[in-house]
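> Below: sequence and its predicted model.
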Amino acid sequence: MTPDIVSIWVYLSASPLTWLTATLAAYVSADWIAARLGRHPLANPVVIAAGILAAILIATGTDYGTYFEGAQFVHFLLGPATVALAVPLWRNLATVRRALLPMAAALVAGSVTAAVSAVAIAWALGAPADVLASLAPKSTTAPIAMELSKSLGGIPALTAVLVVMTGIIGAVVVTPLMNALRIRNFAARGFAVGVASHGIGTARAFQVSEIAGTFAGIAMGLNGALTSLLVLIWLAFAG
Amino acid sequence: MSGDGESSAPPVTPLNLPRAILALLLCQLTGETTILAIRAYYPEIAFPGPVVGMALMFVLLVWLRGPDAGLDATSGAILRNLSLLFVPAAVGIVQYGPVLREFGVTLALALIASTVLTLLVTVGVFLLVARLQGEDRE
């Protein structure tokens, strides 16, 4: 009997269907746990689901490439989801239009703070040049960040991890931080988490309010564009 | 509504989901192609195609005066579950144990401090300029 079960597992562990199913099962469980904990900011569904899946991969000795063959079908939807951000943007156009000037000023200040503060702190703690270069674009969305990391002489794969961690930190911290400061302007709150924590921050903002999510989505797109521009300028002067 | 067999509501036009998905994919494809074409001449330019697709979809929505019911429902369903889409990328952390062990503390400190600082600076500047503009009562 045992050899048959082993051969079934050998088949299943390599099948994209298994890891696609596992990704959705982990997320549904994570979302259920987050709901049971009253959507506490620390109970972030991305963190819980990724934790469950990482534990399963390590326990079964499955490499990330095999996992991703199944998970890519979920990952792929990030592109269409980015395009879909245009719909709430259109619906809240009047609010967005009134906030153009605050958005422009906050974008420049936030974008520069995100890159400079991370690099300065890691430099002071003795991180080497390639790690610093990998850290600089960490507040932008993953595809942009990896490109920028490469052109700055960083390690794109490390940047991808730092981007995800930055997203999770922002998504966890933003609600308690803004509540403690008694900031009730959800456009400002959303915009801040979009600049600081790209798509994962935007996902959190949509859980809180549509206005926050809309402004977060705009901030994510604009910060990607501005950081790319700042890196081009930096390379023109430093290189 | 759903699961209630009694309801004899007026007939609803079925949502055209394939058309909504086609619209999203066409915008993304156009955005990706545009960036590829630009990068063929200026390889140092890094910009994500989907964000160009979002801008394109926005222009279309302004032109068409808003989404139809199908696009509204499809984009709403995707955006309400945006967190799910980041799970595969987040699991990628399992690949970088060694790097994270070496620089983990430094990187964690830099990321936490920088993210909190960025949130504070961004929200502060936003509110300050909004107040100067006299539009703070949203």
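Done, it's in. Numbering: from 1, shown residues only, chains lettered A, B, ... in the order given.
> Domains in the chain, by residue range?
Picked chain A for this. Listed by automatic domain parsing, the domain ranges of chain A are A:2-76, A:83-238.
> nope, chain B please
B:14-85, B:92-138.
> Centre of the chain to the longest helix along chain A, how far?
As assigned by DSSP state H, the longest helix anywhere in chain A is helix A:210-238. For helix A:210-238, the distance from its own C-alpha centre to the chain's C-alpha centre is 14 Å (CA atoms, centre = their mean, to the nearest Å).
> Chain A: helices as residue ranges?
Per DSSP H, chain A carries helices over the ranges A:2-14, A:16-36, A:45-60, A:64-75, A:78-84, A:86-91, A:93-98, A:100-124, A:129-135, A:142-152, A:156-180, A:186-208, A:210-238.
> got the ones you listed as CSV, with distance to chain B columns?
(Each C-beta comes from the backbone N, C-alpha and C, glycine too.) Converted to CSV, these look like this (distance: least, CB to the nearest CB, whole Å):
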stretch, distance to chain B
helix A:2-14, 15
helix A:16-36, 5
helix A:45-60, 4
helix A:64-75, 4
helix A:78-84, 4
helix A:86-91, 4
helix A:93-98, 5
helix A:100-124, 3
helix A:129-135, 6
helix A:142-152, 3
helix A:156-180, 5
helix A:186-208, 4
helix A:210-238, 5
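> I'd like those helices laid out as TSV, including distance to residue B:128, mean neighbour count and mean pLDDT.
What follows is the helices of chain A, written out as TSV (distance: least, CB to CB, whole Å; neighbours: other CB atoms under 10 Å in any protein chain shown; pLDDT from 0 to 100):
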stretch	distance to residue B:128	mean neighbour count	mean pLDDT
helix A:2-14	55	10	77
helix A:16-36	34	17	95
helix A:45-60	31	19	93
helix A:64-75	38	18	93
helix A:78-84	30	26	90
helix A:86-91	24	22	88
helix A:93-98	16	13	84
helix A:100-124	8	20	94
helix A:129-135	28	21	91
helix A:142-152	28	24	82
helix A:156-180	15	22	90
helix A:186-208	10	30	92
helix A:210-238	16	22	86
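> any weak-confidence spans in chain B?
Scanning chain B for pLDDT under 70 picks out the ranges B:1-13, B:46, B:135-138.
> longest single helix anywhere in it?
Once chain B is assigned using DSSP H, the helix that runs over the most residues is helix B:97-133.
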